[in-house]
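Asks: this one's structure only:
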Ligand SMILES: [Zn+2]
């Protein structure tokens, strides 16, 4: 490389690059191109670097308050914090949402905050997302643009703040704006590991594997009772207690899909069960209904045809969990069609039904069951083709007695005893004879 007056200068300045670009100097031009490419790369991947900043910010911050200020021109969303923190903001459609990603942070907000919106914001949610990140999801009543967003240091008695100015727009402008963002952000896979499909062996080696899935979590609270009891908390504490009872028995290995208050996509929950080569998968939920009199536990298994209107509505509600957590699921895997998988699916379905029926029988007489305790619907969390899966709705958060029951240790012990007995019975009949799966 020959440079006039400066030999082997390791990093050229930008003006030199530009000058040499014009002068057409060969080798040096290559170095300049590399530098430009590098800057280009930094620009396009800045979102990833921001992600890293989000994930590894040293000390956990605190959100002290959240405020919506709305007028005819715009809606402002303001988070007050104990210190300035990095953030990332973007929009999603179907339904329209604004997603604010933060480093893992503590939300010191009132339990009812976010349930009522103002202006363009109809409601908002917040919580842990995953791997050291937290998220705020704003539900929006139509297409919006983020007119501006910025972080302010604490100043003149005011705390540090994150400020978001939202303006209503039309669907075309929204789409255009989002398309630009998607070009800048390379598609990112959500936590969905690939699991090679295998037909179940004749009899699994002991111990048997149980995956328990506490429904909802993090940004997605699930159903919420009148006195702000959240489904995500009920499901987590119940699942942990259930797991510890199973773990006391040597013959079971138990995994929980989540151990804390964190968001998890429905497909990730299915993938965890499949990765673990689970013998059964139990997803734990607590329902809500418009009539406050309806109560009792219900067992659900997968079916394309729902057994009744309420089950179909419930499955629709539960399947919204990913949208509620602000997960962008534009790259859903295509439906796999394979005769082996179809065969396994049918067999798995029968085992799931057997497990649900066994559990209904053992819960009967112990606790109040829904009038039709075994129902079917298209729950996405129950779609593992090779893991018998059931969804246990413990009760209704819309019914006061059910809420009291679900929070009572005695009640939970009774249910856990029955669930455990049912699982024991299921396995003893399931493997009484070798299962043929060929
Ligand atoms: Zn649920």
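Replies: Good, I have the coordinates. Remember, it's a predicted structure, so these values are computed and weren't measured experimentally.
Asks: can you tell me which residues contact the closest residue to the ion within the stretch 301-438 of the chain?
Replies: When distances are taken as C-beta to the ion, the stretch 301-438 of the chain reaches nearest to the ion at residue 318, 5.0 Å away. Every C-beta, even on glycine, is put in place using the N, C-alpha and C of the backbone. The contact partners of residue 318, by C-beta atoms under 8 Å, 6 or more residues apart in numbering, come to 215, 285, 379, 380, 381, 391.
Asks: residues near the second one, how many?
Replies: Applying other C-beta atoms under 10 Å, we find 28 other residues in the vicinity of residue 285.
Asks: close enough to count as contact, it and residue 235?
Replies: Yes. Using C-beta atoms under 8 Å, residue 285 makes contact with residue 235 at a distance of 6.1 Å.
Asks: okay, and the common contacts of those two?
Replies: Common neighbours of residue 285 and residue 235 (C-beta under 8 Å, 6+ apart) are 215, 216, 222, 394.
Asks: the residues you listed in helices, which ones?
Replies: The members of the shared contacts of residue 285 and residue 235 all map outside helices under DSSP state H.
Asks: which one of these has the most neighbours?
Replies: Ranking the shared contacts of residue 285 and residue 235 using other C-beta under 10 Å puts residue 215 first, with 30 neighbours.
Asks: kindly reformat the shared contacts of residue 285 and residue 235 as a markdown table containing distance to the ion and pLDDT.
Replies: Formatted as a markdown table, the shared contacts of residue 285 and residue 235 follow (distance: C-beta to the ion, whole Å; pLDDT from 0 to 100):
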| residue | distance to the ion | pLDDT |
| --- | --- | --- |
| 215 | 4 | 97 |
| 216 | 6 | 96 |
| 222 | 4 | 94 |
| 394 | 10 | 97 |
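Asks: can you map out the strands along the stretch 1-150 of the chain?
Replies: 61-70, 75-81, 88-92, 97-103, 105-107, 121-130, 133-140, 144-152 (DSSP state E, counting those that start in this stretch).
Asks: which stretches of the stretch 101-250 of the chain have low pLDDT?
Replies: 180-206 (pLDDT under 70).
Asks: write out the residues of it neighbouring the ion.
Replies: 215, 222 (C-beta under 5 Å from the ion).
Asks: in the stretch 151-300 of the chain, what residue is nearest the ion?
Replies: residue 285 (3.5 Å).
Asks: now do the SS call for that residue.
Replies: Three-state call for residue 285 (DSSP: H, G, I helix; E, B strand; the rest coil): strand.
Asks: next up, the contacts around it.
Replies: If you count contacts by C-beta under 8 Å, 6+ apart, residue 285 has them with 215, 216, 222, 231, 235, 318, 391, 392, 393, 394.
Asks: and for residue 242?
Replies: Here residue 242 is in contact with 212, 282, 284, 416, 419, 420 (C-beta under 8 Å, 6+ apart).
Asks: okay, now the closest residue to the second one other than its chain neighbours: neighbour count?
Replies: This means residue 282. Distance criterion C-beta to C-beta, 6 or more residues apart in numbering; nearest residue to residue 282, sequence neighbours excluded, is residue 212 at 5.2 Å. Taking other C-beta under 10 Å as the criterion, the count of residues near residue 212 is 25.
Asks: next SSE after the helix or strand hosting residue 212?
Replies: Following DSSP states H and E, one finds residue 212 within strand 208-214. Remark: after strand 208-214, the chain's next helix or strand is helix 231-248, criterion DSSP H and E.
Asks: quick one on the thing from earlier: got the strands of the stretch 1-150 of the chain as a markdown table, with mean neighbour count and distance to residue 259 columns?
Replies: Formatted as a markdown table, those follow (neighbours: other C-beta atoms under 10 Å; distance: least, C-beta to C-beta, whole Å):
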| stretch | mean neighbour count | distance to residue 259 |
| --- | --- | --- |
| strand 61-70 | 16 | 23 |
| strand 75-81 | 21 | 27 |
| strand 88-92 | 18 | 26 |
| strand 97-103 | 21 | 20 |
| strand 105-107 | 19 | 18 |
| strand 121-130 | 20 | 12 |
| strand 133-140 | 24 | 17 |
| strand 144-152 | 15 | 32 |
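Asks: from start to finish, how long is stretch 89-102 in a straight line?
Replies: By C-alpha to C-alpha, to the nearest Å, the extent of stretch 89-102 from end to end equals 9 Å.
Asks: phi, psi of residue 368?
Replies: Main-chain torsions, residue 368, degrees, to the nearest 10: phi -70, psi 130.
Asks: hmm, back to that, and the contacts of residue 242, which two are furthest apart?
Replies: 284 and 420 (13.7 Å; C-beta to C-beta).
Asks: just want the residue of the stretch 51-200 of the chain that's nearest the ion.
Replies: residue 125 (14.2 Å).
Asks: which residues does that residue contact?
Replies: Contacts of residue 125 (C-beta under 8 Å, 6+ apart): 114, 136, 137, 139, 219, 220, 221, 324.
Asks: my guess is residue 356 contacts residue 369, does it?
Replies: No. Using C-beta under 8 Å as the test, residue 356 is too far from residue 369 to be in contact (11.9 Å).
Asks: which one of the two has more residues nearby?
Replies: Using other C-beta under 10 Å, the more surrounded residue of residue 356 and residue 369 is residue 356, with 25 against 18.
Asks: need the three-state assignment for that one.
Replies: Relying on three-state DSSP, one would call residue 356 helix.
Asks: not counting its neighbours along the chain, what's nearest it?
Replies: Nearest non-adjacent residue to residue 356 (C-beta to C-beta, 6+ apart): residue 299, at 4.2 Å.
Asks: now for the closest residue to residue 96 other than its chain neighbours: which residues touch it?
Replies: Leaving aside its sequence neighbours, residue 96 sits nearest to residue 140 (C-beta to C-beta, 6+ apart; 4.2 Å). Residue 140 is in contact with 91, 95, 96, 97, 98, 120, 121, 122, 166, counting by C-beta under 8 Å, 6+ apart.
Asks: domains of this protein?
Replies: The chain breaks down into these domains under automatic domain parsing: 14-44, 52-184, 208-430.
Asks: who does the residue nearest to residue 96 bridge with?
Replies: Following DSSP bridges, residue 140 is listed with bridge partners residue 121.
Asks: can you tell me how far it is from residue 124?
Replies: 10 Å (C-beta to C-beta, to the nearest Å).
Asks: how about residue 324?
Replies: Distance from residue 324 to residue 124, by C-beta to C-beta: 11 Å.
Asks: pull up the overlap in contacts between those two.
Replies: Joint contacts of residue 324 and residue 124 (C-beta under 8 Å, 6+ apart) are residue 137.
Asks: how about stretch 397-406, which residues are buried there?
Replies: Across stretch 397-406, burial judged by 16 or more other C-beta atoms under 10 Å covers 397, 398, 399, 402, 403, 405, 406.
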